[in-house]
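A.B. asks: Predicted model, plus sequence, below.
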Amino acid sequence: MAEYLLFATERYALPILGPLAETLQAAGHGVHTLFIRGAAGATLPAPARPVGVREAVALRPRAVFSAANDVPGFIAGAKVQLFHGFNVEKRSDTRGHFRVRGQFDLYCTQGPATTGPFQALAARAGHFAVVETGWPKLDPLFRAADPLADALRAGAGGRPVVLFASTFTERLSAAPRLFEAIAGQVALGDRFWLLTLHPKCPADLFDRYRALAGTNAAFVETEQLVSAQRAADVLLADTTSVVSEFVVQRKPVVTFRNRAPKPHMIDFDDPAALEQNLAHAFAPDEALREAIAAYADAIHPWRDGLSSQRVLEATEALLRGELGRLRRKPLAGWWRSLKLRRELGYWGR
């Protein structure tokens, strides 16, 4: 049995790390969590065990799996990047999904669209390896049973189900701009709505959307998002990475002012046009279906629910030296690790 550490800085990391924790536990390994910042106080189901920074150091884990931009470099073990979302082009490559911060030994990529670019970066940098594994967060999408998804569908009473999700980035967020239009749709009652927001959205926005819950809508917490995606027929969103997660199921998405609209999206910019775009999504033409399938295969072709297992296999291959010899990490990575030491108040060896 080996000890492993799961690291997170925001609550949205929990659905990413949860399937991996289950896979580790099923293999008989010890699973420990170090959750800080926005994830502080959050937990995964037992036997995953929360630890403080000193105990995490003392564990000397075999690997540290991070669903964040950072990872504590002063903790032992291979440092494995799992990503906290898909590449939705919110920012330039140098500031966004393909930014290399010099902290990780292994990048576990989600699909061909990101594997190739990261492999090119790895070839130049030499201090990390890349393996396409699929994304642990999506494992539950392809499992045989999901009681919560079934319950959400049952709550719809046979009506079509729309999931609304929004990013927290103010200039890109549909949540404040579409609230009245969504409230009007909920009041009609011809469809059932599942409503969720990014954990960093303002508290008053959460209050407004929670107030819509009732006969025609339910509010879904961040940890329940994957089940909500299984339950929904159509997604309404903006530039959130939930768009990509949802499309992996080959279901239609309607996006409001997406920063980089693609053929697989039904993008619109006028709240008054919400109904007609939802109607299009519920009756997609062949061209849209083909675009959805092509995009899904590019970003995440894995549909077996075994991405967590592949992450563990890739990590073991790294530790056995099968992924090649890595160069020393750059100074930038050491500097970020030093700042994390200061944040955590840890100055021991």
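C.D. replies: That came through, no problem.

A.B. asks: Quick check, central residue of this protein?
C.D. replies: Residue closest to the average C-alpha location in the chain (Cα atoms, centre = their mean): G85, at 3.9 Å.

A.B. asks: Can you give the domain ranges for the chain?
C.D. replies: What automatic domain parsing lists as the domains of the chain is 3-139+305-344, 144-299.

A.B. asks: Return the distance of the residue nearest to the centre of the chain relative to T167.
C.D. replies: Noted for G85: a distance of 10 Å to T167, by Cβ to Cβ, to the nearest Å. In this view, the C-beta of every residue, glycine as well, is placed from N, C-alpha and C.

A.B. asks: now swap in G345 and tell me
C.D. replies: G345 sits 32 Å away from T167, going by Cβ to Cβ.

A.B. asks: Could you do D207 as well?
C.D. replies: Distance of D207 to T167, given as Cβ to Cβ: 18 Å.

A.B. asks: before we move on, what about F192?
C.D. replies: 23 Å.

A.B. asks: which of D207 and T167 has more neighbours?
C.D. replies: Taking neighbours as other Cβ atoms under 10 Å, D207 and T167 compare with T167 leading, 25 against 9.

A.B. asks: Touching, the more buried one and T239? I think so.
C.D. replies: Yes - at 5.6 Å, T167 counts as touching T239 under the criterion of Cβ atoms under 8 Å.

A.B. asks: show me the contacts for A232.
C.D. replies: V161, V162, L163, L194, F246, K251 (Cβ atoms under 8 Å, 6 or more residues apart in numbering).

A.B. asks: From those residues, which land in strands?
C.D. replies: In strands, defined here by DSSP state E, the members of those are V161, V162, L163, L194.

A.B. asks: May I see the buried residues of stretch 261-268?
C.D. replies: If you call a residue buried by 16 or more other Cβ atoms under 10 Å, then stretch 261-268 has these buried ones: K262, H264, M265, I266, D267, F268.

A.B. asks: Kindly apply the preceding question to stretch 139-150 instead.
C.D. replies: Applying 16+ other Cβ under 10 Å to stretch 139-150 flags D139, P140, L141, F142, D146, L148, A149 as buried.

A.B. asks: Check which helix or strand the nearest residue to the second one once chain neighbours are set aside maps to.
C.D. replies: Across the structure, with Cβ to Cβ, 6 or more residues apart in numbering as the measure, the residue nearest P140 apart from its sequence neighbours is V226 (4.9 Å). Counting by DSSP states H and E, the element that carries V226 is helix 225-231.

A.B. asks: got a list of contacts for that helix?
C.D. replies: With contact meaning Cβ under 8 Å, 6+ apart, helix 225-231 is reached by 15, 137-138, 140-141, 146, 148-150, 152-153, 156, 161, 163, 165, 194, 196, 220, 235, 242, 245-246, 249.

A.B. asks: Run the chain-centre distance for that helix.
C.D. replies: 13 Å (Cα atoms, centre = their mean, to the nearest Å).

A.B. asks: Can you list the strands that the helix or strand following it pairs with?
C.D. replies: Following helix 225-231 in sequence order, the next helix or strand is strand 234-237 (DSSP H and E). Note on strand 234-237: by DSSP bridges, its sheet partners are strand 161-164 (parallel), strand 253-256 (parallel).

A.B. asks: Tell me which helix or strand comes right after the last one.
C.D. replies: By that I understand strand 253-256. Assigned by DSSP H and E, the successor of strand 253-256 is strand 265-268.

A.B. asks: can you give me how far that following strand is from the chain middle?
C.D. replies: Offset of strand 265-268 from its chain centre (Cα atoms, centre = their mean): 21 Å.

A.B. asks: What helices and strands are in contact with the helix or strand just after that strand?
C.D. replies: Following strand 265-268 in sequence order, the next helix or strand is helix 274-282 (DSSP H and E). Secondary-structure packing of helix 274-282 (3 or more Cβ pairs under 8 Å, 6 or more residues apart in numbering; DSSP states H and E): helix 175-188, strand 234-237, strand 253-256, strand 265-268.

A.B. asks: now those as CSV including mean pLDDT?
C.D. replies: Formatted as CSV, those follow (pLDDT from 0 to 100):
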stretch, mean pLDDT
helix 175-188, 97
strand 234-237, 98
strand 253-256, 98
strand 265-268, 98
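
A.B. asks: of all those, which lies closest to A2?
C.D. replies: Evaluated with Cβ to Cβ, the helices and strands packed on helix 274-282 place strand 234-237 nearest to A2, the distance being 38.2 Å.
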